[in-house]
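Chemist: Sequence first, then the predicted structure, then my questions.
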Amino acid sequence: MAELYRTAPLETTERAATVVVHCSDPRYQPHFHDFLRQHLKLDHYALVAVPGGSQFLTLAEYLPKFSWVGWRWFKFLVGITRPERFILIAHDDCLWYKDGRFWSPAGDLRQQQVRDLAGVRAELAERFPAARVELYYARLHDGRAAFEAL
Ligand SMILES: [Zn+2]
């Protein structure tokens, strides 16, 4: 019989009250996890981890189908979690942003990311006025990540 791996027991909550969106870049996963669990004390949250993080919510003009799918996932998660809080995290040296396959990155990458985060925050505030939106920017240095609140 196959051996089972069992996680440590956690208190279960019916639904997460937080939705997190961040990039799926493998360099950042342990740091995002650490930040959410250790710093923000989040044991349960709904997560969308895709290349570029919340940028998919800004692409209605360039990639309408892409944006439509992203918003569908997002609304689904919001429907099952009824979040009081959205946490959006962008990061330095984002390869999705640098790729430019689907759009032309113009100017400073960080500025573009911060502008996109602000745009998504405004959109979320309009669609889900009861929830608060927190923005963070992460940067790796010497094997550690620093998270700046925006
Ligand atoms: Zn990235």
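Modeler: Noted; the coordinates are in hand. Here the structure is a predicted model, which means the values were calculated and not measured.

Chemist: Tell me the residues of this protein that contact the ion?
Modeler: Within the chain, the positions lying close to the ion (Cβ under 5 Å from the ion) are 23, 25, 94, 96. C-beta: built from backbone N, CA, C; applies to glycine.

Chemist: Take the residues you listed and keep only those in helices.
Modeler: Judged by DSSP state H, helices contain the following of these: residue 96.

Chemist: are any of the residues of the chain next to the ion buried, and which?
Modeler: Neighbour counting by 16 or more other Cβ atoms under 10 Å classes 23, 25, 94, 96 among those as buried.

Chemist: which residue sits closest to the third one in space, ignoring its chain neighbours?
Modeler: Of all residues not flanking residue 94 in the chain, residue 23 sits nearest, at 5.9 Å (Cβ to Cβ, 6 or more residues apart in numbering).

Chemist: so where do the helices sit in this structure?
Modeler: Under DSSP H, the chain gives helices at 29-34, 64-81, 95-99, 109-127.

Chemist: now those helices as TSV including mean pLDDT and distance to residue 144?
Modeler: Listed next are the helices of the chain as TSV, based on pLDDT from 0 to 100; distance: least, Cβ to Cβ, whole Å:
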stretch	mean pLDDT	distance to residue 144
helix 29-34	98	8
helix 64-81	87	29
helix 95-99	88	20
helix 109-127	92	19
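
Chemist: Pick out whichever of the buried ones among the residues of the chain next to the ion sits closest to residue 63.
Modeler: residue 96 (12.5 Å; Cβ to Cβ).

Chemist: pretty sure the closest one contacts residue 56?
Modeler: No. Judged on Cβ atoms under 8 Å, residue 96 makes no contact with residue 56 at a distance of 9.6 Å.

Chemist: Name all residues that make contact with the spatially most central residue of the chain.
Modeler: Geometric centre of the chain, nearest residue: residue 21, 1.6 Å, by Cα atoms, centre = their mean. Neighbour list for residue 21: 47-50, 53-54, 57, 74, 86-89 [criterion: Cβ atoms under 8 Å, 6 or more residues apart in numbering].
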